[in-house]
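# Have a look; sequence and predicted model below, questions after that.
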Amino acid sequence: MVVHETLLSRLKDKTLVVEAAKVGGKWVRDVSDGARFDVFNPATGVVLASLPALSATDARCAVADAKHAQKAWAKRTGRDRSAVLKCWHQLWIENLDDLALILTCEQGKPLAEARGEVLYGASYLEWFAEEAKRIYGDIIPGHAENLRILVMKQPVGVVGAITPWNFPNAMIARKVAPALAVGCAMVAKPAAETPLSMLALAVLADRAGLPDGLFSVITARSGADFGKEMTSNPDVAKITFTGSTEVGRILMRQGADQIKKLGLELGGNAPFIVFDDADIDAAVDGAMAAKYRNAGQTCVCANRIYVQSVVYETFVEKFSARVASLRVGNGLESGVEIGPLINAGSVAKVREHIADAIDRGGKVIVGSEPSELGPLFVNPTVIRDATSDMKLSREETFGPLAPIFRFETVDEVIALANDTEFGLSGYFYARDMARIFKVAEALEVGMVGVNTGLISTEVAPFGGVKQSGLGREGSRYGADDYLEIKYVCLGGQAA
Ligand code: NAP
């Protein structure tokens, strides 16, 4: 046991940090070849815990257990499944402080944001616990007098899940809650950087009475072997993945042989547009929320801020003053608003985007100098006079860098906003109703925030178009991703 003192000493319930994987009904502390990997605190670099590095064979065992458990789970009533999920939800809320602490320690985000994420994750469990009782089918008038047509919805079966490090609690919540609610089983792999949050949830699932085998958590050094096993194992009916578009493409290629069903929540390159009729103070608030949550490491982060010429200087001045006042530091310290980035690769990408923008004429007006807090800290940075030829315009920066572009007309900014292969989210601030409808309809994205910078909620369908993904998570549509439609043609009826 290497669980670090900073984490252990602050936990109310120390048993929530486990150095083991969950395979079917068993907690696996060691693997036969002794392979392990460490989990670090990105703010301090200290090792938080050591976990067994499981193989594809372990994932296969979890799938076999899941297949068995799923059959019995699917037979139970929606009400029964709902009761187990509600109990899990209650434990999730009761352990809010500890789950948030674990999250901040392994991921780096400020404790207040971690608490927000844990509550957001729990909201999916509550929502789908309720939906478990409402998986309705249809009766369609028959096409002949003696025929009746029934449409029933059935769980797809065993689902493989792969999640990223930026929301270690909420990303698995959005998948496991609907899957279990409708009668599926799940074998999940958290990102190697942040497995402790998902493992803590698995401990709570045990306590809630979730039957063995329904939720396995496979800890591994990298996702590649797990992905290959999930895409090639015929007992896995579907894969749900949240992460980069690049890995989404790999999974799609690998799953082609078995026509594997895929749910993909991939990368974004969100435009954030401020029109000349906008409430500029509200737009600044919205831009701060849409850009700097989780130090800019969210898939729905504003990646490109477009401001209409007439209000450009006012927005730049107000926004940069707010950014300059952000407090950077260890997420465990009170008042900190920006934590570290997750790893050296992320820091290098932000630095590369800043350097490239400067080379192409961008002017840094806040930030950019290296942080003295440690190697993974990047000071919030604002670049004005950004242009479309810069890397930050085409690639997802995934860090605390805000580039501000200037535009003249509505049609020009719509074309600029849509000039990307991504289509996850977009935001704009305006007051004119005709303009609001025109822009909301024209943006090629799955989600639009109008006069708001925060759009994530369990009651709405979350997901992207273009190369940002397939399927939706949350809302009543979120259950559909885990259901098959079966149609029964019932003959021999009274004519
Ligand atoms: P990533 O590199 O794609 O990794 C995501 C997950 O995939 C991790 O668990 C990773 O495991 C695993 N993985 C890596 N290579 C794999 C492979 N060949 N086969 C199967 N699994 C593999 O993405 P990330 O850097 O962690 O996350 C950031 C990205 O996620 C951004 O693009 C962001 O926009 C996107 N994201 C999207 C949403 C959404 O809802 N649309 C939400 C959050 C994040 P290991 O790291 O352990 O190898």
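That came in fine, so what should we check first?
# In which helix or strand does the closest residue to the ligand within the stretch 1-150 of the chain reside?
Nearest residue of the stretch 1-150 of the chain to the ligand: Phe37, at 9.1 Å (CB to the nearest ligand atom). C-beta coordinates here come from the backbone N, C-alpha and C atoms, glycine included. Using DSSP states H and E, the element containing Phe37 is strand 36-40.
# got a list of contacts for that strand?
With contact meaning CB atoms under 8 Å, 6 or more residues apart in numbering, strand 36-40 is reached by 2, 46-53, 106, 192-196, 219, 221.
# So which of those residues sit within helices?
Glu106, Leu196 (DSSP state H).
# Go back to the contacts of strand 36-40 and keep what's next to the ligand.
Ala192 (CB under 6 Å from any ligand atom).
# Tell me who's in contact with Lys260.
Neighbouring residues of Lys260 by CB under 8 Å, 6+ apart: Met230, Thr231, Val236, Lys238, Ile239, Gln254.
# Name the SS class of Ala181, please.
Of the three states, Ala181 takes helix under DSSP: H, G, I helix; E, B strand; the rest coil.
# what about it, distance to Val84?
10 Å (CB to CB, to the nearest Å).
# shared neighbours, the two?
The contact lists of Ala181 and Val84 share no entry, where a contact means CB under 8 Å, 6+ apart.
# Same drill for these two, tell me which one is more crowded.
Legend: neighbour count by other CB atoms under 10 Å for Ala181 and Val84, higher for Ala181 (28 against 21).
# who touches that one in this structure?
Contacts of Ala181 by CB under 8 Å, 6+ apart are Gly78, Arg81, Ser82, Leu85, Phe128, Ala129, Glu131, Ala132, Ala479.
# Please list all residues in contact with Asn418.
By CB under 8 Å, 6+ apart, the contact set of Asn418 is Ala442, Leu443, Glu444.
# Can I get the buried ones among those residues as something I can paste into PyMOL?
Buried subset of these, written as a PyMOL selection, criterion 16 or more other CB atoms under 10 Å:
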select buried, resi 442+443+444
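# Can you list which of the contacts of Asn418 are found in strands?
Of the contacts of Asn418, none are assigned to strands by DSSP state E.
# Closest to the ligand out of the contacts of Asn418?
For the contacts of Asn418, the nearest to the ligand is Glu444 (15.2 Å; CB to the nearest ligand atom).
# domains for the chain, by residue range?
5-266+469-485, 270-459 (automatic domain parsing).
# Out of these, flag the one nearest Gly491.
For those, the distance to Gly491 is smallest for domain 5-266+469-485, at 5.6 Å, taking CB to CB.
# Residues of the protein that sit close to the ligand?
Residues of the chain lying near the ligand (CB under 6 Å from any ligand atom): 162-167, 171, 189, 191-192, 222-224, 226-227, 242-244, 247, 250, 265-268, 299, 396, 424, 464, 469.
# contacting residues for the spatially closest residue to Val310 that is not a sequence neighbour?
The spatially closest residue to Val310, leaving aside those adjacent along the chain, is Asp276, at 4.4 Å (CB to CB, 6 or more residues apart in numbering). Contacts for Asp276 (CB under 8 Å, 6+ apart) come out as Gln308, Ser309, Val310, Val311.
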